[in-house]
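Chemist: Quick check, what structure comes out for this input:
(2 chains)
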There are 2 protein chains.
Amino acid sequence: MRETLIVERIRRLAQESTVDKTIIRGIGDDCAILRPRPDEDLVFTSDFMLEGRHFTLDTHKPADIGHKALARSLSDLAAMGAEPVFCLVSLAIPAALAGAWVNGFYRGLLALAGKYKVTLAGGDLARFEQITVDVTCCGRVPRGKALLRSGAKPGDRIYVTGELGGSAQGFETRKGKCWLRHLRPDPRIAAGIALRRAGVAAAMDLSDGLSLDLARLCNESKTGAAITQALPLAAGASLNQALHGGEDYELLFTAPPRRKIPQRIGLLPVTAIGVMTDEHPGEILLDGSPLPLQGFDHFA
Amino acid sequence: MRETLIVERIRRLAQESTVDKTIIRGIGDDCAILRPRPDEDLVFTSDFMLEGRHFTLDTHKPADIGHKALARSLSDLAAMGAEPVFCLVSLAIPAALAGAWVNGFYRGLLALAGKYKVTLAGGDLARFEQITVDVTCCGRVPRGKALLRSGAKPGDRIYVTGELGGSAQGFETRKGKCWLRHLRPDPRIAAGIALRRAGVAAAMDLSDGLSLDLARLCNESKTGAAITQALPLAAGASLNQALHGGEDYELLFTAPPRRKIPQRIGLLPVTAIGVMTDEHPGEILLDGSPLPLQGFDHFA
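Modeler: Numbers count the residues shown, from 1 in each chain, chains lettered A, B, ... in the order given. Prediction:
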C-alpha cells in the first residue's frame, strides 16, 4: 500500500463529499486554495486526537475516531459563531492500518463533514507507531462578528447549551446514551450561529470541564463568575461530572441581563446558570463558595 | 507545570514575534481570526514532524526541530509562490519536556517565523509519549496567481533552484554543510514569489526526492518528463542522492521555452535540467531511459 495510493483514495472520498465553491483547489497540490468572500472574517483552529490520550483502539471504532477528531475542531468554530468552510486532516498511523482502518476513519470524518458542509481540502499522511490525528478547521463569520471569550462584562448572565457531565459519565460507564455522547459529540454549529445573531456577549465551547473553561472565559474577560442556579445535568451524571468533566462540547456564553435569550435553539435547551462578577478575575463561586478548578489539564 | 502556564508562555513569545495586521485575534481564544484582504487568495498546508520518523532527540536540538517543523510547511507556501501569513502549531510532548525543551522548540520556530514574518496564531498542546508536531501554514497570493502542479505542458523546460542531494548526504554523514542543510532547511519563499512574478507555468517543492516529486508534477499536469541536463549536485552528494534523496526543499518548476528565466534569484542558482514531454503521464526519462521512482514513501 503505497502512500500515493492511500492519498488518491482519500482524494476521491473528499471529492465525493460536499465541496465549498470558495475552495478553488483541494487535495493534490502543495497547498489548498481558498478564495475569501468580501466582508467576511476567517477563523482557524487545530485540535489533536491522540491514541491513548483521547481514545484507544479497543473502545473506539475507526469511524468514531474520524467523527470525533473533526467534531473537536468544529466545536471551536461553533464557539466563535462561525459557519464551517474546510478542514485539513493530518493523520499518522502504523502501516498495518493503511487499508480498512483508514477507510473507516475517513468514512466517519466525512459523514460529519457532509452534515456541516465542510470540505476536506488537504492535510498530511505519515507512518507512526501510535495513531496521531491533528485536524485544522477554517470557518467564516460576517466581518467583526466572531464571538470572543473576552466579550463578557460583570452583570452578564451566564448560560450553557444542552446538558453537562454526560461525556464524563459515559467515559466512566462505557454504556448507554452517555457513552454514545462521549464517542460521537455533535458540535453546536447551528447554536453558535443562532447565538451570534442573537447578539450574545462572549462564548466558548466546553471541552475541558465547566469549572476550568469558565475560569478561562473569566480570565480573558477580566471578570469573576458565580454559579447561582442548578446545572442542567445529563441523565445519570453527577454534579461533580457536570462541573469538572471534560468533552461535553456544549457552548458556554454570556449576555447582558436585558438581552432576550431563547430557552431552546431547535431541540437544544439553553439554561441560565449564573452571573459574571467583578471579583478577582478567574475566580468562580458556587453557591457563594470558591470553586476549585479541576477540569482536564494535560500537564497538571 | 500546568498546561495554562505553558500556553501563557507560548502566547507571550508569539506576541513578541512579528504580528501580521490581518491576524485580528491570535492565541487565547477558541480560534484565531484572519481578516482577508480584497483580491487575494489564501493557501493552506499542514505538515507533520514526528519523533523517530523525521528526527530523533539524539541528533536534533529542540530549536532545530522547531525550525524544521515550520520550514517544511513554509516550503509548501513557497511552491505556490505565496507570501506567508500565519501558522498554527500543534505540539504533543512527554511531560518531562514541558520546560526548557518547549522553550527551545519555540525559540527555533519563532526565529524562522520572524525571518519570514509569519504570525504564530494558535494551535494545540497535549501530552504524548513521542514528540508530535503538526504545523499548518497560511499564505496569500494575488487572486488567481497561485503556482500549481497542474500548469505544465509538453515542451516546457524544467528547472530547479539551488543544489540537490545535500540533505540526503547530510543525513548519511551527519557532518559539515550538508548536515546543517538537513537540520535547518531554508524555505525558498523569496524564490517562489519571484518565480510567480516571472510567470512560470507550474511549480512544487522537492520534499520526497526529485524522481518522485517530478512524477507527481507530471501526473497533475498529465505529461511525461525527460531529464536531459546535468543536475546541480550539492558538494559531496551523489547523482543517486540528487535524484532520489528527500528533504532538499528546493523548488522544481517549468516554464515555456521562450519564457526568460533568471540564472539566479538573489544568491540562489537556477538550473535547467530537462523538458516536459507528451510521453505516458508520470513517466520520467533520464538520458533516454525510464527512471525508477525511489523517493521517500512512508508506506512503500
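
Chemist: For the lowest-mean-pLDDT helix or strand in chain A, list the C-alpha coordinates in CSV.
Modeler: When each helix and strand of chain A is scored by mean pLDDT, DSSP states H and E, helix A:3-16 comes last, with a mean of 88. Extracted in CSV, the C-alpha atoms of helix A:3-16 (Å, rounded to 0.1, in the frame of the first residue of the first chain):
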residue,chain,number,x,y,z
GLU,A,3,1.4,6.5,0.2
THR,A,4,0.4,7.8,-3.3
LEU,A,5,-2.4,5.2,-3.5
ILE,A,6,-3.7,6.0,0.0
VAL,A,7,-3.7,9.7,-0.8
GLU,A,8,-5.5,9.0,-4.1
ARG,A,9,-8.2,7.1,-2.2
ILE,A,10,-8.7,9.9,0.3
ARG,A,11,-8.8,12.4,-2.6
ARG,A,12,-11.6,10.5,-4.3
LEU,A,13,-13.5,10.3,-1.0
ALA,A,14,-13.1,14.0,-0.4
GLN,A,15,-14.3,14.8,-4.0
GLU,A,16,-17.4,12.8,-3.4
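
Chemist: And for the residue nearest to residue A:286 when sequence neighbours are not counted, the neighbour number?
Modeler: Nearest non-adjacent residue to residue A:286, counting by C-beta to C-beta, 6 or more residues apart in numbering or on different chains: residue A:227, 4.8 Å away. Backbone N, C-alpha and C define where each C-beta goes, glycine included. Neighbours of residue A:227 under the rule other C-beta atoms under 10 Å in any protein chain shown: 20.

Chemist: Could you give the bridge partners of residue A:227?
Modeler: Beta bridges link residue A:227 to residue A:274, residue A:286 when assigned by DSSP bridges.

Chemist: still on that earlier bit, buried sites along the least confident helix or strand of chain A?
Modeler: Using 16 or more other C-beta atoms under 10 Å in any protein chain shown as the test for burial, helix A:3-16 gives A:3-4, A:6-7, A:9-10, A:13-14.

Chemist: Write out the residues of the stretch 101-250 of chain A neighbouring chain B.
Modeler: Applying C-beta under 8 Å from any C-beta of the partner chain, one finds that the stretch 101-250 of chain A approaches chain B through A:121-130, A:132, A:134, A:136, A:138-139, A:143, A:146, A:148-150, A:204-205, A:216, A:220.

Chemist: Okay, and which of the residues you listed map to helices?
Modeler: A:216, A:220 (DSSP state H).

Chemist: Give me the buried entries from the residues of the stretch 101-250 of chain A next to chain B.
Modeler: So, by 16+ other C-beta under 10 Å, the buried ones in these are A:121-128, A:130, A:132, A:134, A:136, A:138-139, A:146, A:148-149, A:204-205, A:216, A:220.

Chemist: What's the end-to-end length of stretch A:247-267?
Modeler: 20 Å (C-alpha to C-alpha, to the nearest Å).

Chemist: ok now that stretch, how far from the chain's centre?
Modeler: 16 Å (C-alpha atoms, centre = their mean, to the nearest Å).

Chemist: try stretch A:97-107
Modeler: On C-alpha atoms, centre = their mean, the centre of stretch A:97-107 falls 23 Å from that of its chain.

Chemist: Kindly format the C-alpha coordinates of that stretch as PDB.
Modeler: What follows is stretch A:97-107 as a C-alpha-only set of coordinates in PDB (Å, rounded to 0.1, in the frame of the first residue of the first chain):
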ATOM      1  CA  LEU A  97      -3.900   0.300   9.500                       C
ATOM      2  CA  ALA A  98      -3.300   1.700   6.000                       C
ATOM      3  CA  GLY A  99      -6.200  -0.300   4.500                       C
ATOM      4  CA  ALA A 100      -9.600  -0.800   6.100                       C
ATOM      5  CA  TRP A 101      -8.900   1.300   9.200                       C
ATOM      6  CA  VAL A 102      -8.100   4.400   7.100                       C
ATOM      7  CA  ASN A 103     -11.300   3.900   5.100                       C
ATOM      8  CA  GLY A 104     -13.400   3.700   8.300                       C
ATOM      9  CA  PHE A 105     -11.700   6.700   9.700                       C
ATOM     10  CA  TYR A 106     -12.400   8.900   6.700                       C
ATOM     11  CA  ARG A 107     -16.000   7.500   6.400                       C
END
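
Chemist: looking only at pLDDT, what's the mean for that stretch?
Modeler: The average pLDDT for stretch A:97-107 rounds to 95.

Chemist: residues in contact with it?
Modeler: A:1, A:6, A:9-10, A:13, A:61-63, A:65-66, A:91, A:93, A:120, A:131, B:299 (C-beta atoms under 8 Å, 6 or more residues apart in numbering or on different chains).

Chemist: For residue A:48, name its beta-bridge partners.
Modeler: On the basis of DSSP bridges, residue A:48 is bridged to residue A:134.

Chemist: Thought residue A:134 was touching it, still the case?
Modeler: Yes - contact criterion C-beta atoms under 8 Å: residue A:48 and residue A:134 qualify, at 5.3 Å.

Chemist: which residues do the two both contact?
Modeler: B:90, B:124, B:132, B:134.

Chemist: pLDDT below threshold where in the stretch 201-300 of chain A?
Modeler: Applying pLDDT under 70 to the stretch 201-300 of chain A flags no residue at all.

Chemist: how about the strands of it, start to end?
Modeler: With DSSP state E, counting those that start in this stretch as the criterion, the stretch 201-300 of chain A has strands at A:202-205, A:224-227, A:251-255, A:264-265, A:268-277, A:284-286, A:289-290.

Chemist: Now the residue positioned nearest the centre of chain A: phi and psi?
Modeler: Nearest residue to the geometric centre of chain A (C-alpha atoms, centre = their mean): residue A:75, 2.2 Å. Main-chain torsions, residue A:75, degrees, to the nearest 10: phi -60, psi -30.

Chemist: Next up, the contacts around it.
Modeler: Residues near residue A:75 by C-beta under 8 Å, 6+ apart: A:185, A:187-188, A:205, A:207, A:249.

Chemist: and of those, the nearest to residue A:294?
Modeler: Comparing the contacts of residue A:75 against residue A:294 with C-beta to C-beta picks out residue A:207 as the nearest, at 14.6 Å.

Chemist: how much space between the residue in the stretch 151-300 of chain A positioned nearest to chain B and residue B:98?
Modeler: Nearest to chain B, among the residues of the stretch 151-300 of chain A, is residue A:298, at 4.2 Å (C-beta to the nearest C-beta). Residue A:298 is 9 Å from residue B:98, where distance means C-beta to C-beta, to the nearest Å.
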